[in-house]
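> No sequence on hand, only this structure:
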């Protein structure tokens, strides 16, 4: 790997983790403050409306993934004309999508109180909240081109640092508003307006870094077809992702109550925070896999796959151990003791299969990087459909626990029975070799941490931030020493032989030929 690539990865990953860490800290401190000021019902409506508008992300149609890919390609070849067509066509497409989402929001706002079990006192509030959030999403579509543009330029850190600044302002304004007795709509206005302002700032920075001409003459039908040909499979994965992770709130809100959403969201949000740490790391493996496949370096591609998942495991295993063993204390310290009985089981049920997924986060990125994500797209779509069916079937008899099981069962099946075997067959690696090389070392380093966590919990149960912080500091030191030893001994990146000779040859022929075909089509 070239030195500049390492520097770029360090800047991007470190800024991503800092931004994420700051976001988690703000969320941890702000969420209980908002919850207790607004109440369980209002907070549940807040989560419900943002979940509904989260489905608008499907209107992206996978265009952002195309922006990232082709911005990187056209800037590398210094093809400003094609870059202009890409950006202007994306802006035009997103503007049309934004207008459509605004229309849907207006129509949906008249029926939101009938579709979901919202208390009568909040009917008008829910309508206005949906209008505000939906309008923000609509305007956010064309402005979102800037984020993809910066990612394509490999300037993730610009997105990250502007996000940190936006979160500081947002948190301060929300605290002031709540102290002055403002309600749900004021908090929502602050939350939805600041990202739009942030996108404008990013746009000014992005187009100073890489100037692009604008005009309708650059809106090109051929460019749109080029983008659509790549993003179609991505759209299937996006739909599956919404079915897997965004239907829970809708199911609970329509079949149980707004209050039940709050209890489910507490456990689910903690799990989501854990996953975002891994996601910030895993996004760097897409371009690394693409370069390896394009140059025919199959050995490097296998190492990206194995070492990438190893690093994901180094990241998620200690987080999972902490949440499983100290999860009750985390919930009590964060939002209050009354939420433990219901929210902790949700956390455990969602966390275990999610850990299986995030420990393999590099696998999906490798599939994207080599353009072999079609099979995965349909498998994950089937998983999402099963998720929805099971959640609906189980939520009535078992409440939010049943909904969590509806998510956990299909996710476990796909992560155990499909993903590892599929990647190993595709890359010509024996499954046992992959499991040993990717996960033995992270499990070994995590074992002393688990022992320390059990001793900490036996020593005393944390009931406030200082006690929980003390436990985490001690256990984090234990894990840090083990991880430091691994890096000092140069074991972290060392990967043994990964494939038998006949497997190596067959997979090389298959992937190299598909890579040549892809590049011929692009040309």
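Received, thanks. Fair warning: this is a prediction, and the values are worked out from it, not measured in the lab. Residues are numbered from 1 along each chain as shown.
> Please verify my assumption that residue 426 contacts residue 374.
No: contact criterion Cβ atoms under 8 Å: residue 426 and residue 374 do not qualify, at 11.7 Å. Quick note: C-beta positions are derived from backbone N, CA and C, even for glycine.
> neighbour count winner among the two?
Set residue 426 next to residue 374 and count neighbours by other Cβ atoms under 10 Å: residue 426 wins out with 18 against 13.
> Show the pLDDT at residue 333.
Confidence at residue 333, expressed as pLDDT, is 87.
> ok now do it, which residues does it touch?
Residues counted as contacts of residue 333 (Cβ atoms under 8 Å, 6 or more residues apart in numbering) are 462-465, 468.
> Is it possible to get TSV of the residues you listed that adds pLDDT, neighbour count and distance to residue 454?
Output for the contacts of residue 333, formatted as TSV (pLDDT from 0 to 100; neighbours: other Cβ atoms under 10 Å; distance: Cβ to Cβ, whole Å):
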residue	pLDDT	neighbour count	distance to residue 454
462	84	20	14
463	86	12	18
464	86	10	21
465	84	12	21
468	88	20	16
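> Could you single out the nearest of those residues to residue 378?
Closest to residue 378 out of the contacts of residue 333 is residue 468 (42.7 Å), distances taken as Cβ to Cβ.
> contacting residues for that closest one?
326, 329-330, 333, 462.
> I'd say residue 375 and residue 422 touch.
Yes: shown here, residue 375 and residue 422 form a contact pair, counting by Cβ under 8 Å, at 6.8 Å.
> How many residues are close by residue 216?
Neighbour tally, residue 216, other Cβ under 10 Å: 7.
> and it, what does it touch?
By Cβ under 8 Å, 6+ apart, the contact set of residue 216 is 88, 92.
> Distance check, it against residue 92.
Distance from residue 216 to residue 92, counting by Cβ to Cβ, to the nearest Å: 8 Å.
> What of residue 64?
For residue 64, the distance to residue 92 - Cβ to Cβ - is 15 Å.
> More neighbours: those two, which one.
Between residue 64 and residue 92, counting by other Cβ under 10 Å, residue 64 is the more crowded of the two (24 against 16).
> Could you pull out the helices in the stretch 201-350 of the chain for me?
221-245, 247-255, 258-282, 285-294, 298-334, 340-358 (DSSP state H, counting those that start in this stretch).
> buried stuff in the third one?
By that I understand helix 258-282. For helix 258-282, the neighbour count (16 or more other Cβ atoms under 10 Å) marks 258-282 as buried.
> Show me what the mean pLDDT comes to for the lengthiest helix in the chain.
Determined from DSSP state H, the single longest helix within the chain is helix 374-417. Average pLDDT, helix 374-417: 90.
> Likewise for stretch 486-498?
On average, stretch 486-498 scores 75.
> How far away from the center of its chain is that stretch?
With Cα atoms, centre = their mean, to the nearest Å as the basis, stretch 486-498 stands 28 Å off its chain's centre.
> Need the contact partners of that stretch.
Under Cβ under 8 Å, 6+ apart, the answer for stretch 486-498 is 299, 302-303, 306-307, 310-311, 314, 427, 429, 433-434, 437, 441, 445.
> Which of those are buried? Put it as a ChimeraX command.
Listed next is the ChimeraX selection for buried residues among the contacts of stretch 486-498, using 16+ other Cβ under 10 Å:
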select :302,303,306,307,310,311,314,427,429,433,434,437,441,445
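> coming back round to it: taking helix 340-358 as reference, get the angle to the following helix or strand past the longest helix of the chain.
Sequence-wise, the next helix or strand downstream of helix 374-417 (DSSP states H and E) is helix 419-427. For helix 419-427 against helix 340-358, the angle between stretch directions is 10 degrees (axes from the mean of the first three to the mean of the last three Cα atoms, to 10 degrees).
> Helix 298-334 and the following helix or strand past helix 419-427, what's the angle between them?
Heading C-terminal from helix 419-427, the first helix or strand you meet, by DSSP H and E, is helix 431-459. Angle of helix 431-459 versus helix 298-334, following the same axes, to 10 degrees, is 20 degrees.
> Quick one: list the elements packing against helix 431-459.
helix 298-334, helix 419-427, helix 465-488 (3 or more Cβ pairs under 8 Å, 6 or more residues apart in numbering; DSSP states H and E).
> With respect to burial, which of those helices scores highest?
Comparing the helices and strands packed on helix 431-459 by mean neighbour count (mean count of other Cβ atoms under 10 Å), helix 298-334 comes out on top with a mean of 22.
> what's the distance between the spatially closest residue to residue 264 that is not a sequence neighbour and residue 105?
The spatial neighbour of residue 264 that comes closest, neighbours along the chain excluded (Cβ to Cβ, 6 or more residues apart in numbering), is residue 400 at 4.2 Å. Distance of residue 400 to residue 105, computed by Cβ to Cβ: 27 Å.
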